[in-house]
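S.K.: My questions concern the predicted model and sequence given below.
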Amino acid sequence: MDLKPNHNSPVITDPVPVKSRFGLPSTLMSYPPASNGLNSPTSILLNNMQRRKNVPSKLDELCTGGWLEAMIACSPPRKKQTKDSDENIEQYHKWMMKYPSALTSFEQITTYARGKRIALFLDYDGTLSPIVDNPENAIMSDEMRISVKNVAKYFPTAIISGRSRDKVFEFVKLTELYYAGSHGMDIMGPVRNNDTQGSHPNSIRTTDSQGKEVNLFQPASEFLPMIDEVFRTLVEKTKDIKGSSVENNKFCVSVHYRNVAMEDYGRVDQCVKEVIANYPRLRLTSGRKVFEVRPRIDWNKGKAVEFLLESLGLSDCNDVLPIYVGDDRTDEDAFKVLRERNCGYGILVSSVPKDTDAFYSLKDPSEVMEFLKSLVKWKENCNLEVKKIR
């Protein structure tokens with residue numbers, strides 16, 4: 001594999017959606033349109049930045065291209081408001097009518113789940129742990145860990161995260177779960193029945209830290225040297241941008257700008273674009289105050305859900321109900337799979353209205369924990385009913 005930079009390659013942003021074998025686009029949702037208002041966040045930012053001597057010469061081009069506008073619109077500064085406006089409250093209530101709370105709709109969910117086997121898939125950041133300024137401090141609470149441990153006693157449970165698989169396991173520390181890191185490009189899942197090598201070319205049979213036999217699936221393994229090279233380059237390129245941080249998630253490089261001053265957003269954008277321009281086999285996507293550089297392959301969290309369902313022997317079964325809980329754009333790929341297959345429920349974790357392919361919503365990790373506890377209580381009651389009948 002040739003890892004030498006290609007300086008003639010165009011800048012790679014999100015690729016044109018390509019239909020997968022499941023009829024689903026593998027890219028993320030589109031970015032919001034740029035604002036033309038004189039007092040828009042970008043206009044104010046430009047005015048402020050033009051007063052600085054180190055303004056990038058291509059700033060106007062960045063804004064025209066929509067990336068800088070997207071950085072501001074998709075991740076506004078975190079400011080506590082004394083109270084929400086009536087308009088925002090009304091908009092949220094209208095949104096909740098379309099995506100009702102999974103807690104208030106819990107009876108409806110469990111009524112449909114009766115007689116079915118539930119498989120549970122969870123994102124980590126913003127779902128099991130709160131979003132924090134420093135990604136290294138995204139620690140889940142002990143109460144949340146107990147809730148996840150309890151729910152895994154009754155349902156096969158997997159965590160699918162943009163973080164590296166090892167990093168997520170360090171945070172969660174539960175051997176009862178299956179883990180998929182790097183947006184599903186690094187999966188440690190159950191061994192399939194009568195499968196000694198794994199049905200996928202990049203799947204191998206191995207043992208985990210507890211000595212349990214598992215399948216390790218890494219569809220982008222050939223990209224590892226390239227990802228390491230991009231990580232080192234981005235660390236060097238962004239070292240002078242105060243508040244920025246670069247995280248190596250094994251098959252994905254994340255450039256966080258949550259702690260970067262808004263007037264420096266353009267510098268982050270330019271650095272990332274300049275680096276990825278040399279790697280046409282990589283693509284650039286955006287999350288919550290983060291840029292992510294990933295291999296340009298047809299794989300995402302939705303594909304990871306399908307892979308794990310197959311590994312668990314739960315694919316193509318009418319008595320299976322997959323539930324996926326997540327808060328970010330990358331989770332939309334999983335929501336789409338469940339909606340398209342008409343086989344399960346996506347639950348979006350958000351306290352503000354968002355376009356989504358999920359069916360239900362939860363406001364924050366505390367509501368996620370309440371939902372998990374409710375699932376456990378429901379299953380225990382179901383088991384008691386069965387015992388009484390017997």
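M.R.: Structure received.
S.K.: Walking through this protein, point out its strands one by one.
M.R.: Under the criterion DSSP state E, the chain carries strands at the ranges 117-122, 157-160, 178-181, 186-190, 203-207, 213-217, 245-248, 253-256, 282-287, 290-295, 320-326, 345-349, 360-362.
S.K.: Which neighbouring elements make contact with the second one?
M.R.: Helices and strands in packing contact with strand 157-160 are listed as strand 117-122, strand 178-181, helix 301-311; criterion 3 or more Cβ pairs under 8 Å, 6 or more residues apart in numbering; DSSP states H and E. No exception for glycine: its C-beta is placed from N, CA and C like everyone else's.
S.K.: could I get the ones you listed as TSV with distance to Arg205?
M.R.: Shown next, in TSV, are those (distance: least, Cβ to Cβ, whole Å):
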stretch	distance to Arg205
strand 117-122	22
strand 178-181	15
helix 301-311	12
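S.K.: Columns mean pLDDT on top of those, output as TSV?
M.R.: Below are the helices and strands packed on strand 157-160 laid out as TSV (pLDDT from 0 to 100):
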stretch	mean pLDDT
strand 117-122	97
strand 178-181	96
helix 301-311	94
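S.K.: want to throw these into JSON lines with distance to Arg258 and mean neighbour count?
M.R.: Converted to JSON lines, the helices and strands packed on strand 157-160 look like this (distance: least, Cβ to Cβ, whole Å; neighbours: other Cβ atoms under 10 Å):
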{"stretch": "strand 117-122", "distance to Arg258": "22", "mean neighbour count": "22"}
{"stretch": "strand 178-181", "distance to Arg258": "20", "mean neighbour count": "25"}
{"stretch": "helix 301-311", "distance to Arg258": "21", "mean neighbour count": "24"}
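S.K.: Tell me which of the ones you listed sits nearest to Leu362.
M.R.: Minimum separation from Leu362 across these (Cβ to Cβ) falls at strand 117-122, 11.5 Å.
S.K.: Okay, now the sheet partners of the closest one, with direction.
M.R.: Each strand paired with strand 117-122, and its direction, by DSSP bridges: strand 157-160 (parallel), strand 320-326 (parallel).
S.K.: residues near Tyr257, how many?
M.R.: 23 (other Cβ atoms under 10 Å).
S.K.: ok, the closest residue to Val293 other than its chain neighbours to Glu229 distance?
M.R.: In space, not counting the residues next to it along the chain, Val293 is nearest to Val253; the distance is 4.3 Å by Cβ to Cβ, 6 or more residues apart in numbering. Plainly put, Val253 is 10 Å away from Glu229 if you go by Cβ to Cβ, to the nearest Å.
S.K.: Among those two, which residue is more densely surrounded?
M.R.: Higher neighbour count among Val253 and Glu229: Val253, with 29 against 17, using other Cβ under 10 Å.
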